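A.B. asks: coords please:
(one chain, ligands or ions: 2)
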Amino acid sequence: MAQYARGSAVAVIRLRNPPVNALSLAVLQALEDGLKKADADPSVKAVMICGENGKFSAGADIRGFSSPKRHGLGLGPIVSLIESCQKPVVAAIEGVALGGGLEVALGCHYRIAHVKARMGLPEVTIGLLPGAEGTQRLPRLIGVPAALDMITTGKHIPATEALKLGLVDEIVEENTIEAAIRLANKVIGQPLGPRRLSLKPVPKLPNMEAFLQEAAVKVKKQARGCLAPELCFQAVRAATETPFAQGVRRERELFQVLLSSGQARALQYAFFAERAVHRWATPTGASWSSAAPQPVRRAAVIGLGTMGRGIVTSLVKANIPVVALEQDLEYLNKGRKAVMLLLEREAVKMEGGAQSLDFHNPARLQFTVDFDLLHDVDLVIEAVFENMALKKEIFHKLSKICKPGALLCTNTSALNIDEIASATSRPQQVIGTHFFSPAHVMRLLEIIYGRHTSPTAIATAMQLAKALKKVGVVVGNCFGFVGNRMMFPYVEQAVFLLEEGSRPEAVDRVVEDFGFKIGPFRMSDLAGLDVGWRSRQGQGLTGPSLPAGTAARQRQGQRYSPLPDLLCEHGRFGQKTARGWYRYERAGGRTATPDPWLHSFLAQYRDTHGIKTRFIDQEEILERCLFSLINEGFAILAEGIASGPEHLDVIYVNGYGWPKHTGGPMFYASIVGLPRVLAKLQKYSEAHPDVPRLRPNAFLKKLVAAGNPPLKDWMSYVSRQSPKL
Ligand SMILES: CC(C)(COP(=O)(O)OP(=O)(O)OC[C@H]1O[C@@H](n2cnc3c(N)ncnc32)[C@H](O)[C@@H]1OP(=O)(O)O)[C@@H](O)C(=O)NCCC(=O)NCCSC(=O)CC(=O)CCCCCCCCCCCCC(=O)O
Ligand SMILES: NC(=O)C1=CN([C@@H]2O[C@H](COP(=O)(O)OP(=O)(O)OC[C@H]3O[C@@H](n4cnc5c(N)ncnc54)[C@H](O)[C@@H]3O)[C@@H](O)[C@H]2O)C=CC1
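C.D. replies: Numbers count the residues shown, from 1 in each chain. Ligands and ions are numbered 1, 2, ... in the order given. Next up is the predicted model:
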């Protein structure tokens with residue numbers, strides 16, 4: 001709702017719809033009523049619009065977009081109504097003014113913001129465009145380049161930047177409402193024409209056409225198949241080419257296209273999924289609603305390799321003092337240099353508003369090889385080599401040295417949390433905190449509870465994720481947890497496709513065209529092929545411990561591809577050795593070029609093993625890679641390793657580069673239709689009976705037999721007797 005109040009000459013309209021004053025139909029109606037009342041009342045000389053509880057508005061109610069109650073576009077005409085008001089209207093922006101919220105403010109004649117407020121048009125991130133005339137007003141106010149940037153990226157900008165851009169007239173550090181009322185009183189009687197954005201021309205650029213052409217290419221490249229950025233661009237382009245009213249008509253047409261698109265549905269699902277995973281629960285009944293986190297005032301990181309250095313950086317950025325520990329002085333110095341470099345780069349990015357990182361202060365960041373310095377930290381994150389014996393040795397040590405309440409976290413990417421915890425005297429305080437590389441950049445934190453992990457430990461890890469500005473997703477303990485476990489069949493299929501006749505660049509192209517940031521082979525080259533090789537050696541799948549006489553392409557009666565092992569035996573570890581599935585300009589180089597050596601190696605390999613090369617089309621590549629991954633997702637849900645499909649989707653979108661505009665693997669499966677996913681898996685499984693991961697999972701079959709229920713109902717079909725904990 002919106003509350004109308006009149007004090008002296010200024011009428012106040014307060015948007016009210018907790019928690020973020022989203023613009024529901026009721027709010028819009030009350031806003032319209034308030035405006036009409038103020039206009040009609042001769043004693044009212046000016047109007048001030050603000051939001052309840054220190055937040056202007058986060059925009060249209062996103063749940064309303066899929067609601068059957070939606071009655072078309074109501075906001076555009078209301079913004080016009082504000083602008084055409086004969087009395088000055090001032091927006092008092094506190095907290096956030098986003099989407100439709102900012103469009104309301106753009107209709108106002110003046111905008112005043114609190115210094116801590118944030119503004120933006122994030123519609124593009126939920127598959128839409130600012131459909132309440134925002135694509136036409138914003139370029140008129142701040143110019144085309146800045147408007148295009150805000151509208152096509154959806155970024156939120158701080159008030160200080162908004163002031164520089166001319167988006168707001170003034171920023172205040174104290175009471176925004178009082179300042180807005182003062183401003184409203186001051187401008188009574190002043191001409192409103194120059195303040196009406198719809199009447200202003202779009203500021204000209206000397207090279208507008210060239211600028212737009214370049215911008216179009218950039219937007220398309222960044223969109224990676226997502227429709228909304230391109231349509232946002234078209235709407236802004238209309239502002240540069242046509243009068244206001246015509247631009248608004250174009251904006252509405254484009255908005256309608258997006259509103260009815262599957263991508264918008266998927267992105268809105270992803271928005272709520274990311275919030276739903278905050279409300280974690282475990283099959284034993286522990287949950288976010290009853291567990292309280294412990295404070296983390298000081299932390300430690302053990303191991304400053306690829307992951308540890310990023311984790312230290314994340315903690316420093318979150319203002320958590322850190323002790324960073326290495327095994328010896330040589331590694332320590334190497335790690336220190338790497339951490340300092342990362343922090344210096346972060347400090348540069350944070351310049352112009354953000355607090356300084358203060359990382360040269362030993363009270364905030366200390367480097368050591370002495371375990372005794374960890375005696376008083378609240379939390380330790382272990383990031384040493386992926387080796388169970390080493391991890392157990394370290395946890396045993398930590399359990400003796402750390403203070404009783406300290407949380408002991410492991411960054412293992414696949415190992416058993418319970419086994420690691422068994423080396424301590426406090427298994428209830430042992431938990432997996434699985435960061436993704438680069439750890440200071442990637443948003444995902446997979447949080448893995450073991451058999452004995454306490455609810456407090458889970459709540460503390462979730463709180464840590466929030467402090468680090470990451471999305472924490474709580475999952476159960478199994479080999480590879482959720483993310484990597486689903487990744488194994490995907491990568492396995494990609495390699496099998498090479499055996500059968502495809503090439504790395506062909507597989508990567510199909511997966512990248514689908515919208516992945518990076519295909520499976522580029523990804524392996526980036527991560528390092530030696531990582532998986534060592535893990536397979538540890539599992540006895542390759543290397544010296546493999547029993548003599550084992551068939552080259554079989555392990556335990558199942559199909560196995562030795563191709564990645566053979567590449568490693570040739571010293572091809574990926575980017576780090578300038579050779580992997582591709583070749584690179586130098587060791588550590590980033591530009592992947594298809595490698596004729598690899599092509600002839602594959603041809604020889606097929607000859608050696610008598611594999612007949614066949615042409616594999618894009619559909620088969622995509623389906624075998626994605627559906628095998630999704631199939632594993634159903635197994636994970638059935639085992640109770642994750643409490644819902646949203647968890648799997650949030651993990652994939654935030655940790656593995658799955659295209660957000662398809663919602664995530666499980667949402668995508670629901671859109672493709674479970675009967676189709678099942679039929680395709682059945683087909684591929686029949687063609688490859690020695691590949692168990694292509695065999696349709698029983699839970700998937702159950703859902704299909706139950707009539708393909710909507711994703712939100714899937715978990716009600718899980719039999720509760722067998723959660724694997
Ligand atoms: C605002 C945030 C920055 C806050 O972040 P944070 O503090 O971290 O809290 P969160 O956990 O994110 O959010 C708290 C809580 O609020 C929910 N929520 C947030 N924003 C919205 C929203 N816009 N709509 C609905 N609900 C929202 C969130 O889900 C949380 O609740 P929970 O899920 O239960 O935990 C951050 O939240 C944020 O960035 N929000 C999104 C901002 C955004 O994207 N805004 C753009 C919205 S789209 C828009 O404005 C479109 C247009 O401009 C087009 C104009 C067309 C207008 C048509 C009129 C629409 C009529 C709707 C019909 C309604 C039907 C009816 O009334 O019945
Ligand atoms: N590399 C990646 O992309 C990811 C790795 N992980 C996991 O993170 C952990 C670390 O992996 P990386 O950083 O890649 O390894 P890395 O090999 O780059 O670094 C490991 C570091 O641990 C240090 N170390 C070894 N023994 C030690 C000891 N006793 N005391 C102190 N330090 C010691 C080493 O000196 C080395 O610097 C592993 O468990 C790995 O599985 C998790 C997610 C992604």
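
A.B. asks: Outline the domain layout of the chain.
C.D. replies: 2-260, 299-475, 502-545+552-609, 618-717 (the TED database).

A.B. asks: what's the model's confidence in the shortest one, averaged?
C.D. replies: When you say that, I think you mean domain 618-717. For domain 618-717, mean pLDDT rounds to 97.

A.B. asks: same question, stretch 28-35
C.D. replies: Averaged over stretch 28-35, pLDDT sits at 94.

A.B. asks: show me the residues around Pro710 that make contact.
C.D. replies: The contact partners of Pro710, by CB atoms under 8 Å, 6 or more residues apart in numbering, come to Ser670. All C-beta spots, glycine's among them, are computed from the backbone N, C-alpha and C.

A.B. asks: now swap in Gly225 and tell me
C.D. replies: When contacts are counted by CB under 8 Å, 6+ apart, Gly225 touches Asp513, Phe514, Gly515, Pro659, His661.

A.B. asks: one more time with 6 Å, if that's ok
C.D. replies: By CB atoms under 6 Å, 6 or more residues apart in numbering, the contact list for Gly225 reads Gly515.

A.B. asks: Is it in a helix, a strand, or coil?
C.D. replies: coil (DSSP: H, G, I helix; E, B strand; the rest coil).

A.B. asks: Now do it, the pLDDT please.
C.D. replies: Looking at Gly225, its pLDDT is 92.

A.B. asks: What segments of the stretch 51-200 of the chain are strands?
C.D. replies: Counting by DSSP state E, counting those that start in this stretch, the stretch 51-200 of the chain has strands at residues 89-93, 96-98, 110-114, 118-120, 157-158, 170-172.

A.B. asks: of the domains of the chain, which approaches Asn484 most closely?
C.D. replies: For the domains of the chain, distance to Asn484 was read as CB to CB. The smallest value, 5.5 Å, belongs to domain 299-475.

A.B. asks: what about that closest one and ligand 2, touching?
C.D. replies: Yes. Judged by CB under 6 Å from any ligand atom, domain 299-475 and ligand 2 are in contact via 302-308, 325-327, 331, 335, 383-386, 390, 394, 411-413, 434-437.

A.B. asks: pLDDT averaged over that domain - what is it?
C.D. replies: 94.

A.B. asks: Need the residues that contact stretch 102-113.
C.D. replies: Applying CB under 6 Å, 6+ apart, the external contacts of stretch 102-113 come out as 79, 82-83, 88-93, 97, 119, 121, 130, 132, 134, 137, 159, 168-171, 179-180, 183, 192, 195.

A.B. asks: Mind checking which of the residues you listed are buried?
C.D. replies: Buried by 16 or more other CB atoms under 10 Å: 79, 82-83, 88-93, 97, 119, 121, 130, 132, 134, 137, 159, 168-169, 171, 179-180, 183, 192, 195, out of these.

A.B. asks: near ligand 1, which of the residues you listed show up?
C.D. replies: With CB under 6 Å from any ligand atom as the criterion, the buried ones among the contacts of stretch 102-113 include Pro130, Ala132 near ligand 1.

A.B. asks: Just the closest residue of the chain to ligand 2, please.
C.D. replies: In the chain, the residue that lies nearest ligand 2 is Gly305 (1.8 Å; CB to the nearest ligand atom).

A.B. asks: Quick check: that residue vs ligand 1, distance?
C.D. replies: Using CB to the nearest ligand atom, to the nearest Å, we find Gly305 at a distance of 32 Å from ligand 1.

A.B. asks: distance of Asn411 from ligand 1?
C.D. replies: For Asn411, the distance to ligand 1 equals 26 Å [CB to the nearest ligand atom].

A.B. asks: neighbours of that residue, just the number please.
C.D. replies: 25 (other CB atoms under 10 Å).

A.B. asks: nearest residue to it other than its sequence neighbours?
C.D. replies: Distances taken as CB to CB, 6 or more residues apart in numbering put Ala383 closest to Asn411, at 4.3 Å, once the chain neighbours are dropped.

A.B. asks: hang on, isn't the one you found packed against Gly303?
C.D. replies: Yes. Applying CB atoms under 6 Å as the test, Ala383 and Gly303 come out as touching, 4.1 Å apart.

A.B. asks: Could you name the specific helix or strand carrying Gly472?
C.D. replies: Using DSSP states H and E, Gly472 sits within strand 471-475.

A.B. asks: Please name the residues that touch the residue nearest to Asn411.
C.D. replies: Going by CB under 6 Å, 6+ apart, Ala383 touches Gly303, Met307, Gly308, Asn411.

A.B. asks: Contacts only, for the most centrally placed residue in the chain.
C.D. replies: Residue closest to the mean C-alpha point of the chain, counted by CA atoms, centre = their mean, is Asn654 at 3.7 Å. When contacts are counted by CB under 6 Å, 6+ apart, Asn654 touches Arg443, Leu444, Val471.

A.B. asks: Correct me if wrong: the first one contacts Lys469.
C.D. replies: No. Judged on CB under 6 Å, Arg443 makes no contact with Lys469 at a distance of 7.6 Å.

A.B. asks: more neighbours, those two?
C.D. replies: Neighbours around Arg443 and Lys469, counted as other CB under 10 Å, are more numerous at Arg443. The numbers are 16 against 10.

A.B. asks: Find the nearest non-adjacent residue to the more buried one, please.
C.D. replies: Asn654 (4.5 Å).

A.B. asks: quick one: that neighbour from Ala239, how far?
C.D. replies: Distance of Asn654 to Ala239, computed by CB to CB, to the nearest Å: 33 Å.

A.B. asks: so where does the closest residue to ligand 1 within the stretch 201-350 of the chain fall, helix or strand?
C.D. replies: Nearest to ligand 1, among the residues of the stretch 201-350 of the chain, is Arg275, at 3.7 Å (CB to the nearest ligand atom). Here Arg275, judged by DSSP H and E, is contained in helix 262-276.

A.B. asks: Quick check: buried residues in that helix?
C.D. replies: Buried residues in helix 262-276, counted by 16+ other CB under 10 Å: Gln263, Ala264, Arg265, Ala266, Leu267, Gln268, Tyr269, Ala270, Phe271, Ala273, Glu274, Ala276.

A.B. asks: Switch those residues over to CSV; also include pLDDT.
C.D. replies: Output for these, formatted as CSV (pLDDT from 0 to 100):
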residue, pLDDT
Gln263, 97
Ala264, 97
Arg265, 96
Ala266, 98
Leu267, 98
Gln268, 97
Tyr269, 97
Ala270, 98
Phe271, 97
Ala273, 98
Glu274, 97
Ala276, 96
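
A.B. asks: Gln366: which of those is nearest?
C.D. replies: Of all the buried residues of helix 262-276, Glu274 has the smallest distance to Gln366: 34.2 Å, by CB to CB.
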